[in-house]
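Colleague: give me a model of this one.
(2 chains)
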There are 2 protein chains.
Amino acid sequence: MASTDYDAEAFFADSDPPPKLDEELRAAQSFIARHAREGRRIVLITSGGTTVPLEKNTVRFLDNFSAGTRGAASAEYFLRSGHYAVIFMHRQHSLQPFSRHYSHSVNPFLSLLELQNDDVATAKGRTELFPSLAAMRPTQETQHVSPQVERRDSTQGPQIRIKTADRACLITILRSYKLIQSLGLLHNISFTTVHDYLFLLRGVSRLMGSSEDENNRPLGRQGMYYLAAAVSDFFLPATEMSEHKIQSREGSLVIEMRPVPKVLKPLVEQWSNEGFTVSFKLETDPQLLIPKARAALQRYGHQLVIGNDLNRRKFEVVFVDQQDEDWLRISQQQTEAGEREIEEDIVDKLIARHTEYIAKSSS
Amino acid sequence: MASTDYDAEAFFADSDPPPKLDEELRAAQSFIARHAREGRRIVLITSGGTTVPLEKNTVRFLDNFSAGTRGAASAEYFLRSGHYAVIFMHRQHSLQPFSRHYSHSVNPFLSLLELQNDDVATAKGRTELFPSLAAMRPTQETQHVSPQVERRDSTQGPQIRIKTADRACLITILRSYKLIQSLGLLHNISFTTVHDYLFLLRGVSRLMGSSEDENNRPLGRQGMYYLAAAVSDFFLPATEMSEHKIQSREGSLVIEMRPVPKVLKPLVEQWSNEGFTVSFKLETDPQLLIPKARAALQRYGHQLVIGNDLNRRKFEVVFVDQQDEDWLRISQQQTEAGEREIEEDIVDKLIARHTEYIAKSSS
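Modeller: From the prediction side, this is the model:
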């Protein structure tokens, strides 16, 4: 059993599907069918890290680092292009398109808001809200309180406003979010464990592979698979998992894990029906980047590997295909200043390559 | 070296402090000093799970499950009581007081907002925003667009408003957030790894232990330590860590980890100067809850263990002290309906016990 090649078929045969899989796939199917019918391209973007639970009642798990920036930013650029409907399959709580600009830590959303016509800074206001705090005096400037606070119109309660400085930016993001929603171009699916991820990836890629447009032409090459999720390399099969929290009194903890089955091969050969498939290779040792990207192309037979170094990934990536290596670099300074995102260039380049790939099949 | 008791002293002697530790502690010190001077109680709340990196360039890490709900909710109730200033030491991106009510997934914040006087649903509006999408027609109801959209006043751009249904609730939360900010009652510190956590816990508890009020009385028993963070039991000392991403081609992955040093004993005996100390015990096997809570009290000599079962923790906990066990239960139904939070009762009970504890010393 403990062979290096625990293959995908054996994994799916041995494992129970996640409880809500059917429901998720039904929703995905109607999204895919609608856009396929309208002749639109569809990209499946996977994003964020997967987890490997170490116990059935999960307290501890192994995680792969990924905030999901690459996937969430790329989704926005695919949507913006006008050519793609996007299935955004992301780790629960990882960044999402549009809302990614306002996380808990960067730009926390409550700080964007201000109250008008509010008397929270007065003893009377505090008494209403938290009676226990009525006697305390503010220690910080309370910029959010307007000067008219003491003679407020008691018929009108406090009003919420977006701070002036943040308004223009938020309006643009919000309009984009609402527009994409109203056009029905974005479909979200979330996962947590590597187990959920594998079942969802198989399910969605099979649906894309078997969908047809109104003239009964398959989606096939019009589909793209942008596999940016940081998928665990190792996992603990359910049969080897401890029922309860692992106890720690007996000295060291030793965990032996098995390789996660490689599903890129069946995705390319069986599920996606010739979809344009892009995988990512993240390394910390620059020497390994190109050789490992080449090895993956060889092994799985897909179209493209995007290689990136952990510390340079925001301003440098390399497109590796069967023919050659194509470095994409943008200014590190502009990236760090928040003026540019490399995902815009990645997506531009990918769309061009995808167009070429589609053209090749029809010629 | 590989003994079960890798003690705290050895850990701090062998490890480099996190880079921004001094800066963090200076900020905490001024917060603690101000409230100690004013004779206010201070509670240090730790919240969220810690990580254990498996590589120096972190791609993979072991994580402990915790969204940080207990800590974030408890912080609100301590603040609301009027008796405490709160140091909220939380895992980066875990839930925080007040903003916890609006996470990415539950109540995503962009969905609370609506646009008025906006023409994003018209072809003209789409052309302005994403020219590539101008030709598409909305597939979903666009409720956010007001009927006057076509004859909008072109001198006035789109306006953002909070949706009516969400406004009252958001106003209450926002007022509370602003009030606490203006009173300077809440101080945030964030950590990610267990290594950061240990250094910060030692630093902050020593500062609390050595602070004095304006009559030179030590904070001592007026301090509370509410250790709700889910701290890893095992870790990989820096000296045993791989420099680069662990390579996966050689079959199984075997990780051997060392027990994390127990810092509760030095916190109680050396750092906190008789602060009221509460630790948490989370188990999935109900048989182990009480015996393990008792063992912890015995070993560390602190005041209280709050025991909780992973699946019942939102409506049932048990207070275990040197004398007895005190079960706290609220309605499961009300909890699931979002009508009650057990943290309100936990904090009420703790405040009463803390008051007793303070009284005992002065008698």
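Colleague: so residue A:351 makes contact with residue A:80?
Modeller: No. At 10.6 Å, residue A:351 does not count as touching residue A:80 under the criterion of C-beta atoms under 8 Å. (C-beta placed from N, C-alpha, C; glycine too.)
Colleague: so what does the strand or helix carrying residue A:79 touch, helix or strand wise?
Modeller: Using DSSP states H and E, the secondary-structure element containing residue A:79 is helix A:69-81. Contact analysis of helix A:69-81 by 3 or more C-beta pairs under 8 Å, 6 or more residues apart in numbering or on different chains; DSSP states H and E lists strand A:41-47, strand A:84-91, helix A:164-183, strand A:223-227, helix A:342-362 as its packing neighbours.
Colleague: ok and the helix or strand harbouring residue A:33 relative to strand A:41-47, angle-wise?
Modeller: Following DSSP H and E, one finds residue A:33 within helix A:21-37. In terms of direction (axes from the mean of the first three to the mean of the last three C-alpha atoms, to 10 degrees), helix A:21-37 departs from strand A:41-47 by 140 degrees.
Colleague: buried sites along helix A:21-37?
Modeller: Of all the residues in helix A:21-37, those buried under the rule 16 or more other C-beta atoms under 10 Å in any protein chain shown are A:24, A:25, A:28, A:29, A:31, A:32, A:34, A:35, A:36.
Colleague: got it, and stretch A:320-339?
Modeller: A:320, A:321, A:328, A:330.
Colleague: I figured residue A:33 was touching residue A:211, is that so?
Modeller: Yes. Using C-beta under 8 Å, residue A:33 makes contact with residue A:211 at a distance of 5.9 Å.
Colleague: isn't residue A:233 up against residue A:262?
Modeller: No. Assessed by C-beta under 8 Å, residue A:233 is found out of contact with residue A:262, at 9.7 Å.
Colleague: what stretches of chain A score poorly on pLDDT?
Modeller: Residues of chain A that meet the criterion pLDDT under 70 lie in A:1-6, A:57-58, A:103-107, A:119-123, A:140-156, A:242-250, A:362-363.
Colleague: leaving out chain neighbours, which residue sits closest to residue A:12?
Modeller: Nearest non-adjacent residue to residue A:12, counting by C-beta to C-beta, 6 or more residues apart in numbering or on different chains: residue A:202, 7.0 Å away.
Colleague: er, residue A:353 actually
Modeller: Sequence neighbours aside, residue A:304 is the residue nearest to residue A:353 in space, at 7.0 Å (criterion: C-beta to C-beta, 6+ apart).
Colleague: now the one you found, which residues is it bridged with?
Modeller: Here residue A:304 sits in beta bridges with residue A:278, going by DSSP bridges.
Colleague: before we move on, the earlier item: and the helix holding residue A:79, what's buried?
Modeller: A:69-81.
Colleague: going by distance to residue A:237, which of the residues you listed wins?
Modeller: Of all the buried residues of helix A:69-81, residue A:237 sits closest to residue A:71, with 27.0 Å by C-beta to C-beta.
Colleague: doesn't residue A:61 lie inside a strand?
Modeller: Yes. Counting by DSSP: H, G, I helix; E, B strand; the rest coil, residue A:61 is part of a strand.
Colleague: tell me the contacts of it?
Modeller: With contact taken as C-beta atoms under 8 Å, 6 or more residues apart in numbering or on different chains, residue A:61 is in contact with A:51, A:52, A:53, A:54, A:193, B:62, B:63, B:65.
Colleague: at 10 Å what do you get?
Modeller: A:50-55, A:192-194, A:232, A:236, B:49, B:61-65 (C-beta atoms under 10 Å, 6 or more residues apart in numbering or on different chains).
Colleague: show me which of those are buried.
Modeller: Buried subset of the contacts of residue A:61 (neighbour count, 16+ other C-beta under 10 Å): A:50-55, A:192-194, A:232, A:236, B:49, B:61-65.
Colleague: could you pull out the helices in the stretch 101-250 of chain A for me?
Modeller: A:123-129, A:164-183, A:194-210 (DSSP state H, counting those that start in this stretch).
Colleague: in a markdown table: those, plus distance to residue A:251.
Modeller: Listed next are the helices of the stretch 101-250 of chain A as a markdown table, based on distance: least, C-beta to C-beta, whole Å:
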| stretch | distance to residue A:251 |
| --- | --- |
| helix A:123-129 | 52 |
| helix A:164-183 | 52 |
| helix A:194-210 | 28 |
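Colleague: please work out which of those is packed deepest.
Modeller: Comparing the helices of the stretch 101-250 of chain A on average neighbours per residue, with mean count of other C-beta atoms under 10 Å in any protein chain shown, the densest one is helix A:194-210 at a mean of 23.
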